[in-house]
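Asks: below is the sequence, then the predicted model.
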Amino acid sequence: MAAPQVVSVVLFLVVSLFARCEGFGTGAPAGACTTMQPGHLDGNTSVSAQTSTSPYSIVPGATSYTAGGTVSVEIRGPVFRGFLLQARRPGMTTPVGSFSDAPNNTKLTTCTTAASSMTHANTEAKENITLTWTAPSPAVGNVQFVATIAEVKTTYWMNVASAEISGANIAMATSYVIMFSLIPTLYGLLA
């Protein structure tokens, strides 16, 4: 083998080794969108999620949402380095709605649709961050926020979930208001 070819092969092998040890310091990988499994490695060993109770909580700023409306969502707890957060219908794995206004050290990410998830932009320390979620239109019923939160690369909790928040489609609510406001008129016509 000629010297340039040897250098190319060695460079390829070195880059391949570093790629395999990726810590996802710039955000959750696309493969985590459904499973919420970050795929962290400690050397060549896969790191499992913690089984203890999470020290983190996901706290919505409201108990209900309206179609197209916004809700603040806070990740509370001790300092953490990474996360992936989505709004989901209970028991489902597809994110609904979208996020906006990413705070420092966070970013919007695309899972099923643009900005359907939030993740870390780097491994800087984060604590008690507040994110903004926009509900889908039309509304999809109850949702909850689900996250994987990494204190550090080798210590993370999966499926940290908020309480459910209820949603109503504005168009449907408006239809009910109109329908119920017509009842006295119909009653008057029949009387």
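Replies: Looks like it came in fine.

Asks: which helices and strands sit right next to the longest strand along the chain?
Replies: If you go by DSSP state E, the chain has its longest strand at strand 144-152. If contacts are counted by 3 or more C-beta pairs under 8 Å, 6 or more residues apart in numbering; DSSP states H and E, strand 144-152 sits against strand 57-60, strand 70-76, strand 82-88, strand 155-161. C-betas here are computed from N, CA, C, even on glycine.

Asks: hey, which of the ones you listed is tucked in deepest?
Replies: strand 82-88 (a mean of 26; mean count of other C-beta atoms under 10 Å).

Asks: leaving out chain neighbours, which residue sits closest to Gly77?
Replies: Tyr56 (3.6 Å; C-beta to C-beta, 6 or more residues apart in numbering).

Asks: isn't the one you found up against Thr148?
Replies: No: using C-beta atoms under 8 Å, Tyr56 is not in contact with Thr148; the gap is 10.0 Å.

Asks: among the two, which residue is more densely surrounded?
Replies: Shown here are Tyr56 and Thr148; by other C-beta atoms under 10 Å, Thr148 has more neighbours (24 against 20).

Asks: dump the residue contacts of that one.
Replies: Residues near Thr148 by C-beta atoms under 8 Å, 6 or more residues apart in numbering: 28, 32, 36-38, 49, 83-84, 156-160.

Asks: nearest to Glu127 among those residues?
Replies: Phe83 (11.4 Å; C-beta to C-beta).

Asks: could you find the closest non-adjacent residue to His40?
Replies: Val47 (4.2 Å).

Asks: where are the low-confidence patches of this structure?
Replies: Across the chain, the ranges flagged by pLDDT under 70 are 1-24, 169-191.

Asks: and if we set it to 50?
Replies: By pLDDT under 50, the weakly predicted segments of the chain are 6-23, 170-175, 177.

Asks: and the helices in it?
Replies: For the chain, the helices defined by DSSP state H occupy 3-20, 32-35, 170-190.

Asks: packing partners of the shortest one?
Replies: Right, the one you point to is helix 32-35. With contacts taken as 3+ C-beta pairs under 8 Å, 6+ apart, helix 32-35 sits against strand 82-88.
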